[in-house]
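A.B. asks: coords please:
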Amino acid sequence: MATVEEFAQLVQEQTRARMKQQYPDSPHMWDRDVTQVRPGPKYTKVDVGPEHNMSGKYMIENATGDIWGIKGYGVVHRGHHYGTLATVDDWFWGGYAAVPRAS
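C.D. replies: Below you'll find the model as predicted:
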């Protein structure tokens, strides 16, 4: 099972790789993309974006390790479930939203 920090690192690596591929002539686009982990009592937030403009992207339920999308900052979107910290390798995290990897 991955830790929240390992998950955030994976999101960052895959997002940077996609940005580098999508914008090969703009290296500054993918150099600035970072993730930040913000622990909370019930959920840990994983924010993505340039340091000066971070956006909430995923929330991990501390008790279960379930990974959720968000409706608004700090609000879990129960319709967007992306597995758990144990299944992070089953997903591609570098896009606008996570997508399952082909079997």
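
A.B. asks: next, the buried residues of stretch 3-10.
C.D. replies: Using 16 or more other C-beta atoms under 10 Å as the test for burial, stretch 3-10 gives 4, 7-8, 10. C-betas here are computed from N, CA, C, even on glycine.

A.B. asks: in JSON lines: these, plus secondary structure.
C.D. replies: Rendered in JSON lines, the data for those read as follows (DSSP: H, G, I helix; E, B strand; the rest coil):
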{"residue": "Val4", "secondary structure": "helix"}
{"residue": "Phe7", "secondary structure": "helix"}
{"residue": "Ala8", "secondary structure": "helix"}
{"residue": "Leu10", "secondary structure": "helix"}
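
A.B. asks: between the residues you listed, which is nearest Pro39?
C.D. replies: Distance ranking of those against Pro39, using C-beta to C-beta, places Val4 first at 7.8 Å.

A.B. asks: the nearest residue to that closest one once chain neighbours are set aside bridge partners, please.
C.D. replies: Leaving aside its sequence neighbours, Val4 sits nearest to Thr44 (C-beta to C-beta, 6 or more residues apart in numbering; 5.0 Å). Under DSSP bridges, the beta-bridge partners of Thr44 are Ile60.

A.B. asks: which stretches in the chain count as helices?
C.D. replies: 4-22, 27-31 (DSSP state H).

A.B. asks: single out the most deeply packed of those helices.
C.D. replies: Highest mean neighbour count of the helices of the chain: helix 4-22, a mean of 17 (counted as mean count of other C-beta atoms under 10 Å).

A.B. asks: which strands and helices sit next to it?
C.D. replies: The helices and strands touching helix 4-22, judged by 3 or more C-beta pairs under 8 Å, 6 or more residues apart in numbering; DSSP states H and E, are helix 27-31, strand 34-38, strand 43-49, strand 55-61.

A.B. asks: go with 7 Å
C.D. replies: Judged by 3 or more C-beta pairs under 7 Å, 6 or more residues apart in numbering; DSSP states H and E, the packing partners of helix 4-22 are helix 27-31, strand 34-38, strand 43-49.
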